[in-house]
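Chemist: Give me coordinates for this.
(one chain, ligands or ions: 2)
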Amino acid sequence: MLSAVAAGIAGVAAHDLTQKRHSLMRNFPVIAHARFALEEIGPELRQYIVTGNDEERPFSRDQRSWIYASSKMENNYTGFGTDNDVENAEYVIFKHHTFAPVAAPTGTHAADDVWLPCGKILGGPRGRRDAFRPDSVVNISAMSFGSLSGNAIAALNGGAKLAGCLHNTGEGGLSAHHRQGGDLTLQIGTAYFGCRDDEGRFDLDTLMRVVESAPVRAIEIKLSQGAKPGLGGMLPAAKITPEIAEIRGIPLGKDCASPSRHAEFNDVDSMLDFVERIAQATGKPVGIKSAIGEMGFWESLAGQMQSRSRGVDFITVDGGEGGTGAAPLVFTDAVALPLRVGFARVYSLFAEAGLSDDVVFIGSGKLGLPDNALVAFALGADMVNVAREAMMSIGCIQAQKCHTDHCPTGVATQSKWLARGLDPTLKAERAANYIRTLRRDLLKVSEACGVWHPSLLDADDVEIMDGNRRGTPLRVVYGYQPTWGAPGPRIRDEITALMSQTAPAGGSAPSTDEAVQAVVPSES
Ligand SMILES: Cc1cc2nc3c(=O)[nH]c(=O)nc-3n(C[C@H](O)[C@H](O)[C@H](O)COP(=O)(O)O)c2cc1C
Ligand code: SF4
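Modeler: Numbering: from 1, shown residues only. Ligands and ions are numbered 1, 2, ... in the order given. Got it, this is the predicted structure:
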């Protein structure tokens, strides 16, 4: 009897170790089944004990389940109706249109693909040599090799290639794992990893060599990150392998803390010189990434860009709710504005200065969920970056041990054993499925709201509900002027022309001869 049980367990262990679908089972054979079993009966158990579907943070169980199902191309619909507390909670609603010339696509399955390009040309207004229209409004946010495992980076870059989106390198430099064919945004952090000389100073020639060696489409200068603004990046010693030490040019066995500020510039004026220097040398669009705190910096930036002689091509606003590999608690909890507030303040300054069409606005901070992303679009975002949601699509279970090197799913670790559990080829498909699903949902809701593209939503298309008592338009909540949140007429026409040629049509059956058809305007 005992030997039969032992043989059974050995069989399960052998199966777990050799299969590639589940990183957790590869890394923790046999015992990982307990988690899957609990996941299976969890909804029933939770009716009586533990927390509800919307209570966990940073991502609730409902949100994670939607990401997992989307990435696996499983049924990601929900049954019975919302389990949100619509009577009391604060939440957003998008105002659908009863009649509109735009019909929501009928594609119902996770990962059904739609083309959802950026509404603006990145680098176009400033005439950059390699200006381009990004093919996807959803892109993979900055996460370094070091913070994530090589297999995780390879999976994300492979996913970016399959989904046709951009993959941001993070501030740790461009590694071999980033070279799976996906287009890249190269990030330059305060330590200039990957583009520095032996003394750690920024080196333009090295940057040029890196840019030319890979499909780098844009360059992002990182000023700060929502989870730890005012602090440089931090890679704990436990995660520094010889390969990472080599790529970054740092010693083994010591925490690698990046400086909190750049050595190449110290005000808006010198930052704009640095931006132009890089853009001219590389021909690439150049932007900045920042969390939002005091507004003097942004007022000065909008002011100095008004002459249009120098300027950033894009601004990535990272919300205080954003993620990190490692940061002090007080910074993750209490420094930097949340995305909606910070983004709205920055956008408003540029809209008031008449510059909002000149800049591609990118948002990040839990925007890998359709409702959050759509609010960002209505506030004026042109694209969203997703970090932790992309991690979940490749297996992250929100164990929140990213800073310890003990990530059980092989995503955020440098342990060879744990990272081995993550199969980059399979997980690249999962990442791509998730990104495609998010794009499809963004388009579906936009079309339900009567517009061709999420960028055409404006701050009047969304309301924030105070339970079932009242709803207030975003425009009022964030002090926007009418039409703010959507681009100006020229870009709106371009987007409509692009999308009306390619968007999949849903809609109704052909009308009868007796049907009365009003002439509808081309856009509402
Ligand atoms: C593990 C990890 C590593 C990160 N590394 C970087 C980085 O190198 N540079 C950066 O600008 N942001 C970094 N971030 C922040 C993300 O790029 C992103 O801005 C933030 O997590 C918000 O997006 P999310 O809510 O979709 O995760 C990191 C985040 C995580 C979770
Ligand atoms: S599984 Fe846990 S430790 Fe691993 S990446 Fe996700 S949150 Fe971090």
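
Chemist: what's near enough to touch Leu24?
Modeler: Ala32, Arg35, Gly395, Ile397, Pro408, Thr409, Gly421 (Cβ atoms under 8 Å, 6 or more residues apart in numbering). The C-beta positions use only the backbone N, C-alpha and C, and glycine is treated the same way.

Chemist: ok, and the second one, which helix or strand is that part of?
Modeler: Counting by DSSP states H and E, the secondary-structure element that holds Arg35 is helix 32-46.

Chemist: The fourth one too?
Modeler: Taking DSSP H and E as the criterion, Ile397 maps to no regular element, lying outside all helices and strands.

Chemist: That one: neighbour count?
Modeler: Ile397 has 17 neighbours, counted by other Cβ atoms under 10 Å.

Chemist: Thought Pro408 was touching it, still the case?
Modeler: Yes: applying Cβ atoms under 8 Å, one finds Ile397 in contact with Pro408, separated by 7.1 Å.

Chemist: According to the record, where do the domains of the chain fall?
Modeler: 2-88, 91-106+451-502, 138-448 (automatic domain parsing).

Chemist: Mean pLDDT lowest where, among those?
Modeler: Lowest mean pLDDT within those: domain 2-88, at a mean of 81.

Chemist: Val312 touches Val359, doesn't it?
Modeler: Yes: with contacts counted by Cβ under 8 Å, Val312 reaches Val359, the gap being 6.7 Å.

Chemist: Nearest residue to the residue nearest to the spatial centre of the chain in space, ignoring adjacent ones along the chain?
Modeler: Centroid-nearest residue in the chain, with Cα atoms, centre = their mean: Val386, separated by 1.5 Å. The shortest distance from Val386 to any non-neighbouring residue, by Cβ to Cβ, 6 or more residues apart in numbering, is to Gly368 (3.5 Å).

Chemist: And that neighbour, how far from Ala376?
Modeler: Separation of Gly368 from Ala376 (Cβ to Cβ, to the nearest Å) stands at 11 Å.

Chemist: Ok, Arg179 next?
Modeler: For Arg179, the distance to Ala376 (Cβ to Cβ) stands at 30 Å.

Chemist: Of those two, which one has the most company?
Modeler: Ala376 (29 against 15).

Chemist: tell me which parts of the stretch 51-200 of the chain are close to ligand 2?
Modeler: Within reach of ligand 2 by Cβ under 6 Å from any ligand atom, the stretch 51-200 of the chain has no residues at all.

Chemist: Please enumerate the strands of the stretch 51-200 of the chain.
Modeler: Under the criterion DSSP state E, counting those that start in this stretch, strands of the stretch 51-200 of the chain are mapped to 90-94, 138-140, 166-168, 183-188.

Chemist: okay, these in TSV with mean neighbour count and distance to Glu243 next?
Modeler: Shown next, in TSV, are the strands of the stretch 51-200 of the chain (neighbours: other Cβ atoms under 10 Å; distance: least, Cβ to Cβ, whole Å):
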stretch	mean neighbour count	distance to Glu243
strand 90-94	14	44
strand 138-140	27	21
strand 166-168	27	19
strand 183-188	25	19
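
Chemist: Out of those, which gets nearest to ligand 1?
Modeler: Ligand 1 sits nearest to strand 183-188 of all those, at 5.8 Å, using Cβ to the nearest ligand atom.

Chemist: Contacts for the helix or strand that comes right after the closest one next, please.
Modeler: In the C-terminal direction, the helix or strand that comes right after strand 183-188 (DSSP H and E) is helix 204-212. Applying Cβ under 8 Å, 6+ apart, the external contacts of helix 204-212 come out as 173-174, 186, 188, 194-197, 216, 219, 277-278, 281-282, 284.

Chemist: by how many degrees do the very next helix or strand once past helix 204-212 and helix 204-212 diverge?
Modeler: Stepping forward along the backbone from helix 204-212, the first helix or strand reached (DSSP H and E) is strand 216-222. In terms of direction (axes from the mean of the first three to the mean of the last three Cα atoms, to 10 degrees), strand 216-222 departs from helix 204-212 by 130 degrees.

Chemist: chain center to strand 216-222: distance?
Modeler: Centroid separation for strand 216-222 versus its chain: 15 Å, with Cα atoms, centre = their mean, to the nearest Å.

Chemist: What is the burial count for Val346?
Modeler: Using other Cβ under 10 Å, Val346 has 23 other residues around it.

Chemist: Please name the nearest non-neighbouring residue to it.
Modeler: Once flanking residues are discounted, Val346 sits nearest to Trp298: 5.3 Å by Cβ to Cβ, 6+ apart.

Chemist: about what we covered before: ok, the residue nearest to the centre of the chain to Arg133 distance?
Modeler: Between Val386 and Arg133 the distance is 20 Å, computed by Cβ to Cβ.

Chemist: Pro259 - that's part of a helix, no?
Modeler: No: counting by DSSP: H, G, I helix; E, B strand; the rest coil, Pro259 falls outside a helix, being coil.
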